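Engineer: Requesting a structural model of the entry that follows:
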Amino acid sequence: MENAEQKLKSYLYTYVCHEDEVPLCLLELRALFGNNPEHDGFIVSERGIDASRSPFIKQRVEIHIQGGSLDEIARGVEAIQLNGETFKVVFVEAADALDYDARRAVERRIGSHIRGRAEMRKPERIFGIAYTGDQWVFGPCAKNEALWLRHNQKPQNYSTALSTRVARAIANIAVPYPEGIRAIDPCCGIGTVLIEAISMGINMIGRDLNPLAVKGARLNLAHFGFPDVVAIDDIRTVPGHYDALVLDLPYNLCSVLPAEEQLEMLQSARRLADRAVIIATEVIDEPVEQAGFRIIDRCEVKKGAFVRHVLVAV
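Structural biologist: I've put the predicted structure just below:
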């Protein structure tokens, strides 16, 4: 059995998504953790991120104790020092096939070995216990607070804008490691991606050619207490260079962006950033590569018959 003195921390994340979201979910997990999960529904990684960062992560367990049996976990938790704090143990669904009663029994069994006062409603400490298929893991547990849902209640909306859920995943794919990274959304519209990025601590600014869109983005950012990081500008004339970029190519239901203008926007994106997440409503591999990008990952996001193509390019 290993304990909290491990040199390398490890974490168990459970995730959930609708069947239409599986490709986007896996693309985001690859960006955040470096690979696809080895198991359906959970991933174990040495990288620690906020449980609320991804729209697909459900819970996170920081693994302090692991063992081949519940008896090993029970012995390990006896050393926990709570210093008077109340606690709760929750069963985290990973590779288990236990029914409701069996899960509650596991919680009670492990909780009975922790020295302290259990509190079911408002505990000061929450611990998770999970089975990964070959071992049990235990440690502090955090759940996803679904912060992106609050961002649906913004004063300005576009019917064709990305959903806040998709926008949050896109921001993570563009900037999986935010520290020291400068990012830009040069066609930011009403700021859907910007809001998700800023709420996660990603340093991203927005630009848009449409004054009404910029005005809407300002209103939306201010509504959530975020700084004004938007300005009117054309992607073709935006100065500077950034580490990452999100480009949701403009479109509407009645017209198609001319090929020449599309290529010009992609070439401008290539000039602006080393890494780009490009979103389009059609297959655009050829102009993306013609602009100087190399596509390294991709997925499709479907909503009924409507399909968005998400490309990761460097």
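Engineer: So which residues of this structure form strands?
Structural biologist: Here the chain has its strands, by DSSP state E, at 10-15, 42-45, 57-63, 65-67, 87-91, 125-131, 136-143, 182-185, 203-208, 230-232, 242-248, 273-280, 295-303, 306-313.
Engineer: which parts of the fifth one are buried?
Structural biologist: Neighbour-count burial for strand 87-91, with 16 or more other C-beta atoms under 10 Å as criterion, is recorded at 87-91. Where C-beta positions appear, they are placed from N, C-alpha and C, glycine not excepted.
Engineer: Now do that strand: distance to the chain's middle.
Structural biologist: Strand 87-91 has its average C-alpha position 25 Å from the chain's average C-alpha position, going by C-alpha atoms, centre = their mean, to the nearest Å.
Engineer: doesn't Arg53 make contact with Ser146?
Structural biologist: For the record, residue 146 is Ala, not Ser. No. Counting by C-beta atoms under 8 Å, Ala146 stays clear of Arg53, with 11.4 Å between them.
Engineer: Quick check on those two: which one has the bigger neighbour count.
Structural biologist: Comparing Ala146 with Arg53 by neighbour count (other C-beta atoms under 10 Å), the higher total belongs to Arg53, at 23 against 13.
Engineer: so what's that one closest to, chain neighbours aside?
Structural biologist: By the measure of C-beta to C-beta, 6 or more residues apart in numbering, the closest residue to Arg53 outside its immediate chain neighbours is Met200, 5.6 Å from it.
Engineer: tally of neighbours for that neighbour?
Structural biologist: 20.
Engineer: just Lys143 next, same as before
Structural biologist: Look at Lys143: counted by other C-beta under 10 Å, it has 16 neighbours.
Engineer: got a list of what it touches?
Structural biologist: Shown in contact with Lys143 (C-beta atoms under 8 Å, 6 or more residues apart in numbering): 51, 58-60.
Engineer: Asp101 and Phe87, how far apart?
Structural biologist: Distance, Asp101 to Phe87, by C-beta to C-beta, to the nearest Å: 22 Å.
Engineer: Then Phe127?
Structural biologist: 6 Å.
Engineer: All the helices of the chain, residue numbers only.
Structural biologist: Listed in chain order, the helices of the chain (DSSP state H) span 22-33, 70-77, 100-111, 147-150, 164-174, 192-199, 211-223, 259-272, 285-290.
Engineer: doesn't Ile184 make contact with Asp243?
Structural biologist: No. If you go by C-beta under 8 Å, Asp243 and Ile184 don't touch, sitting 9.2 Å apart.
Engineer: more crowded one of those two?
Structural biologist: Between Asp243 and Ile184, counted using other C-beta under 10 Å, Ile184 has the larger neighbour count: 28 against 17.
Engineer: Give me the nearest residue to the more buried one, chain neighbours excluded.
Structural biologist: Nearest non-adjacent residue to Ile184 (C-beta to C-beta, 6+ apart): Tyr242, at 4.6 Å.
Engineer: Report the separation between the one you found and Val307.
Structural biologist: For Tyr242 relative to Val307 (C-beta to C-beta), the value is 28 Å.
Engineer: backbone phi and psi for the residue nearest to Arg53, please?
Structural biologist: Torsion angles at Met200 (phi, psi; degrees, to the nearest 10) stand at phi -100, psi 10.
Engineer: Surely it is in contact with Asn172?
Structural biologist: Yes. A contact is recorded between Met200 and Asn172 when judged using C-beta under 8 Å, the distance being 7.3 Å.
Engineer: overlap in contacts of those two?
Structural biologist: Contacts common to Met200 and Asn172, judged by C-beta under 8 Å, 6+ apart, are Arg53.
Engineer: pLDDT weak spots in this protein?
Structural biologist: The chain contains residues with pLDDT under 70 at 1-7, 252-256.
Engineer: any idea which residue sits dead centre in it?
Structural biologist: Among the residues of the chain, Ser54 comes closest to the average C-alpha position under C-alpha atoms, centre = their mean, at 2.3 Å.
Engineer: for it, what are its contacts?
Structural biologist: With contacts taken as C-beta under 8 Å, 6+ apart, Ser54 has the following neighbours: 15, 28-29, 32, 144, 168-169, 172.
Engineer: What is the nearest of the residues you listed to Leu249?
Structural biologist: When these are ranked by distance to Leu249 (C-beta to C-beta), Ala169 comes first, at 17.5 Å.
Engineer: what's the burial count for the closest residue to that closest one other than its chain neighbours?
Structural biologist: Once its chain neighbours are removed from consideration, Ala169 has its nearest residue in Glu28; the separation is 4.6 Å (C-beta to C-beta, 6+ apart). Summarising burial for Glu28: neighbours were counted as other C-beta under 10 Å, giving 28.
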